[in-house]
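A.B. asks: Sequence first, then the predicted structure:
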Amino acid sequence: MTLTTLLQRTRPPRKSGKVRLVVGAIALLGAAAVGFGPSILGSIGRFPVHDDPPTPSDAVVVLYTGVEYYPRLIEAARLYNAGLAKTILLNGNRKTDVLRRLEKKGFVSCCDWSENYIRILGLLGVPRESILAVNAEDVYDTISEARAVGPVLLERGIQSILLTTSKSHTRRARHIWNRLFGDRLTIRSVAAESDPYDPEAWWRHGRQIRWVLAEYGAWLYYGWQML
């Protein structure tokens with residue numbers, strides 16, 4: 001089997017009607033925002049951000065899905081070094097059908113998926129024994145990530161967590177985790193300080209425009225799924 005055939009067999013299906021509806025809604029949102037000017041754009045940029053003041057907790061959970069992962073690691077190390085948690089939990093090792101097929105053909109990764117992240121945290125003062133790495137191969141969004149990681153926290157007797165994520169992801173992450181585990185965990189969502197997202201001027205940066213559109217799309221899709 002050639003690599004081309006392999007890719008063709010795992011090509012994603014066409015967008016569903018729901019996804020097309022979400023894309024259309026995002027386009028209308030963007031057009032309306034541009035028409036109303038910076039004040040509305042600033043409000044749109046601020047809504048996805050919910051940055052809780054960090055308090056002492058059992059663990060820092062570094063969310064993997066989304067963008068700008070390295071600022072999240074830096075924030076987790078900062079919280080750990082400030083004495084706000086004794087454990088940092090990572091999750092990762094996402095796998096697609098294409099990667100699994102390549103592994104069946106003999107592909108072997110050069111090192112464990114978590115090793116580079118653990119080394120970065122070590123560089124920032126976090127000892128290896130304070131890091132818990134959770135293999136989460138089939139996670140594809142914030143909901144599935146919470147469902148994969150949450151039970152691990154509960155099994156270890158963890159009762160309070162600081163979710164470390166990108167600024168534009170904080171509100172939705174907090175909402176989803178509270179909905180799934182709010183009755184068993186005390187959850188605070190902490191934005192990575194070094195994350196480059198600027199809610200007051202996001203429309204001036206190509207990357208940040210994509211982040212905002214993707215975040216609102218995720219909210220719309222989440223709401224659609226919950227109907």
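C.D. replies: On my side now, so go ahead.
A.B. asks: Mind picking out the helix or strand in the chain with the poorest mean pLDDT?
C.D. replies: In the chain, the helix or strand scored least confidently by mean pLDDT, DSSP states H and E is helix 3-9, which has a mean of 46.
A.B. asks: pLDDT below threshold where in the protein?
C.D. replies: Within the chain, the segments meeting pLDDT under 70 span 1-37, 226-227.
A.B. asks: Can you show me the helices along it?
C.D. replies: In the chain, the helices defined using DSSP state H lie at 3-9, 17-36, 38-46, 69-81, 97-104, 115-123, 142-155, 170-181, 206-226.
A.B. asks: List the contacts of the spatially most central residue of the chain.
C.D. replies: Taking Cα atoms, centre = their mean, the centroid of the chain lies closest to residue 65, which sits 3.1 Å from it. Neighbouring residues of residue 65 by Cβ atoms under 8 Å, 6 or more residues apart in numbering: 139, 140, 141, 142, 145. The C-beta positions use only the backbone N, C-alpha and C, and glycine is treated the same way.
A.B. asks: rerun that using 7 Å as the cut-off
C.D. replies: Residues counted as contacts of residue 65 (Cβ atoms under 7 Å, 6 or more residues apart in numbering) are 139, 141, 142, 145.
A.B. asks: Could you identify which of these has the most neighbours?
C.D. replies: residue 145 (24 neighbours; other Cβ atoms under 10 Å).
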